[in-house]
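A.B. asks: Build me a model from this:
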Amino acid sequence: MQWWWRVTMVWLGVGVVVRVGWAGGPMEEVCPVDWQAVSLGEAVRGLATRLEVPYLLDGSVTDGVLERRIRLFAAHLNGRQAFRWTVRSAGLEAVLVDGVMLVARPERLPATWRLSGAVGSGVGAATTAVDPRWTAARSLRADVSWVDVPLSRVARDVASTFSMDVVFHPDVLDAQALVRLEGAALSLDAVAGALDDQLSAISRYDDGVIWVEPASEPASRPGQNQAPATARASAPVREAGMLGQPVSLAFTGGSPPALEEELSRVLGVRCRVEVGSGSVLPPITARGRLFEVLEAARMVEGWRWQVVRPTGPQGVVLILRLGAPDRPEK
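C.D. replies: Next up, the predicted model:
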């Protein structure tokens, strides 16, 4: 089995991260970006080098996605926000976990991040109310004179005048609309409202920027009762609450049978780990709901999991497959 880095992998219940140290410093400093038709892959590599932060790409981030050309201007974001909005400009999501940027399609991130706002999606009033930059920007007034100007000009003018960055959804940018707005002593809310009307869009504050997306775009934050689409457990097992139970795993490393024994002890059900012959697993620490732990392992390391009810009296079995072919449980 191959690991991304030759270091201990740590499962925290809300993600699988690499212990390479906390990425403070550049990640917390202002990090202006100006991407004009730059490929996403080039932008990500450049930011990672500039910010001195490692990153992991989920399997959903294909070569085709990395070749997409992005357009983004932002002058006031910190390093984490700049990284996140760079990949968001290509329809992806990024979250900083213990010093590592995890990049994936939004639906591939563990539900706990999406629902808690840890990835910044749909931050909402609870966050905007305590953001001093947002409060200050809304109190400003400025004269605006835009006569059929492109969105790149809008982004630069708003950043310069209101000290607040505007990020446009890629579908809004692709429409190549021109904006017309003239007025004296306009507020940021008035400017955002005009953009909404002319672009058929919805503007809202989100993680340091004004995010402008098509009015028909579904909210990036799922409802509280929305289950992640990647759940693979049968309905009876889910209703029994097995996947929602809290787990605390401290596996010191060793053979797959040793991990099976530890998981069975912690969960109280039979577990089976399928890996290559002779594989040795590293130490693993996991805390959180079982489903979140399993999904984090799937997202980063590709560990497929399944909960089945075999025929016979054996009861529920949790199967972990590490690169093994899918086989139906008998």
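A.B. asks: What is the helix or strand encompassing residue 136 packed up against?
C.D. replies: Residue 136 is part of helix 132-139 when elements are defined by DSSP states H and E. On a contact count with 3 or more CB pairs under 8 Å, 6 or more residues apart in numbering; DSSP states H and E, helix 132-139 meets helix 188-199. For the C-beta atoms, the positions are set from N, CA and C on the backbone; glycine is no exception.
A.B. asks: by contact count, what packs against the helix or strand following the helix it packs on?
C.D. replies: Sequence-wise, the next helix or strand downstream of helix 188-199 (DSSP H and E) is strand 201-206. Packed against strand 201-206 by the contact rule (3+ CB pairs under 8 Å, 6+ apart) you find helix 188-199, strand 209-214.
A.B. asks: Now tabulate the ones you listed in TSV and tack on distance to residue 290 and mean neighbour count.
C.D. replies: Formatted as TSV, the helices and strands packed on strand 201-206 follow (distance: least, CB to CB, whole Å; neighbours: other CB atoms under 10 Å):
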stretch	distance to residue 290	mean neighbour count
helix 188-199	42	18
strand 209-214	33	22
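A.B. asks: Which one of the ones you listed lies nearest to residue 284?
C.D. replies: strand 209-214 (36.3 Å; CB to CB).
A.B. asks: sorry, back to before: relative to residue 80, which of the helices and strands packed on strand 201-206 is closest?
C.D. replies: strand 209-214 (12.5 Å).
A.B. asks: Can you give the distance of the closest one from its chain's centre?
C.D. replies: 17 Å (CA atoms, centre = their mean, to the nearest Å).
A.B. asks: Which neighbouring elements make contact with that strand?
C.D. replies: Contacts defined by 3+ CB pairs under 8 Å, 6+ apart place strand 209-214 against strand 165-168, helix 170-174, helix 188-199, strand 201-206.
A.B. asks: Mind putting the ones you listed into TSV with mean pLDDT and distance to residue 68?
C.D. replies: Shown next, in TSV, are the helices and strands packed on strand 209-214 (pLDDT from 0 to 100; distance: least, CB to CB, whole Å):
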stretch	mean pLDDT	distance to residue 68
strand 165-168	96	15
helix 170-174	93	8
helix 188-199	95	21
strand 201-206	92	21
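A.B. asks: In CSV: the ones you listed, plus distance to residue 276.
C.D. replies: Shown next, in CSV, are these (distance: least, CB to CB, whole Å):
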stretch, distance to residue 276
strand 165-168, 44
helix 170-174, 40
helix 188-199, 52
strand 201-206, 43
